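Chemist: after the sequence you'll find the predicted model.
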Amino acid sequence: MKVCLIQMNSRDSLVENLQQAENAVRSAVADTHARLVVLPELFTYLGGTKEGKREAGQVFPESGAYRLLQSLAKEYGVYLHGGSMIERDGDRLYNTTVVFDPKGSEIAKYRKIHLFDVVAPDGAVFRESDVFGRGENIVTYKVDDHIVGCSICYDLRFPELYAELSKAGADIIIAPAAFTLMTGKDHWEILCRSRAMETQTYVLATNQVGTYSENGEPRASYGHSMVVDPWGTVLARAQARTGHIVASLDFDYLNKVRADIPVQRHHVLGQ
């Protein structure tokens, strides 16, 4: 299975971000002919203000971002994993992934479970729970014969979620992200490779890259989107710029790794 990860530099303009995403998907599909295409976290609106986030909230299924992804998936006949966007459900906002199949049908919706309430080492304050509600459900879907698990960004630091996705039969786990430059340079690759080795799955980690503004304060995302195989080897890695990367997933190799070191049958705790 060929997969393509799109690395964006989203900012606080919904219109511009949707245009950037559409151009990126069209370019990526034309270049790679991938079966599965993945966008980054909050590709519709990143940073800005609390009021701006609310205005950019997308109501499913009638909103523009939802319709755009649906039409692109159908036009190109691809599975399109819509990173995440700001979902508005009544008075609540959620950081939500929506996935479409090649017919343009919604096949999964995942609301981010672990919210990023952190003071980074550089003093930058992130209070995701001030804006977003917390998701409660573990979500998987199928691409052809393979189960795909959903996670978003900060979820990467919680291996218990990945363990649950592994128990649910995931062969692939996707992590769209807006991982910060400050933490990403030290933790991003280690976390992605660790989750892949622990679960013996392919991890597709699609990051934002470059600068943006949040409440008037400068922010920066790390980039370096990557595809990691079940052995922990990085198959493809983006640089610190917008664009896309492609990799081919070999499920015979995945089965060999699981047969050689059958850790999923050796768990003692938490069963």
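Modeler: That came through fine. Residues are numbered from 1 along each chain as shown.
Chemist: count the neighbours of residue 76 for me.
Modeler: Counted with other CB atoms under 10 Å, the neighbours of residue 76 add up to 18. From N, CA and C alone the C-beta is placed, and that goes for glycine too.
Chemist: tell me who's in contact with it.
Modeler: Residue 76 is in contact with 25-26, 29, 102, counting by CB atoms under 8 Å, 6 or more residues apart in numbering.
Chemist: check the offset of the top strand by length along the chain from the chain's centre.
Modeler: Identified as the longest strand of the chain according to DSSP state E is strand 92-100. A distance of 11 Å separates the centroid of the chain from that of strand 92-100, by CA atoms, centre = their mean, to the nearest Å.
Chemist: and for it, what's in contact with it?
Modeler: 41-42, 53-54, 57, 60, 66, 69-70, 73-74, 79-87, 106-112, 115, 128, 131-133, 135, 139, 141, 148, 150, 152, 174, 176.
Chemist: let me see the mean pLDDT of that strand.
Modeler: For strand 92-100, mean pLDDT rounds to 98.
Chemist: contacting residues for the spatially most central residue of the chain?
Modeler: Closest to where the C-alpha atoms of the chain average out (CA atoms, centre = their mean) is residue 176, at 1.6 Å. By CB under 8 Å, 6+ apart, residue 176 lies in contact with 38-41, 43, 81, 83-84, 97, 152-153, 205-207.
Chemist: break down the stretch 151-271 of the chain into its strands, ranges please.
Modeler: 172-177, 202-207, 209-214, 217-222, 226-228, 234-237, 243-248 (DSSP state E, counting those that start in this stretch).
Chemist: so which of those strands comes closest to residue 166?
Modeler: strand 172-177 (8.0 Å; CB to CB).
Chemist: next, count neighbours for residue 61.
Modeler: 10.
Chemist: quick check: it touching residue 104?
Modeler: No. Using CB atoms under 8 Å as the test, residue 61 is too far from residue 104 to be in contact (10.7 Å).
Chemist: just to revisit the earlier point, per-residue confidence at the residue nearest to the centre of the chain, what does it come out as?
Modeler: According to the prediction, residue 176 has pLDDT 98.
Chemist: before we move on, back to that, what is in contact with residue 61 and residue 104 at once?
Modeler: Shared contacts of residue 61 and residue 104, defined by CB under 8 Å, 6+ apart, comprise residue 70.
Chemist: follow-up on the earlier one: roughly how far apart are the nearest residue to the residue nearest to the centre of the chain once chain neighbours are set aside and residue 40?
Modeler: Nearest non-adjacent residue to residue 176, counting by CB to CB, 6 or more residues apart in numbering: residue 83, 3.8 Å away. Between residue 83 and residue 40 the computed distance is 5 Å (CB to CB, to the nearest Å).
Chemist: find residues that contact each of these two.
Modeler: Contacts common to residue 83 and residue 40, judged by CB under 8 Å, 6+ apart, are 176, 206.
Chemist: for the least confident helix or strand in the chain by mean pLDDT, the distance to its chain's centre please.
Modeler: Sorting the helices and strands of the chain by mean pLDDT, DSSP states H and E puts strand 125-127 at the bottom, at a mean of 88. Here strand 125-127 shows a centroid-to-chain-centroid distance of 20 Å under the convention CA atoms, centre = their mean.
Chemist: perfect, that will be all.
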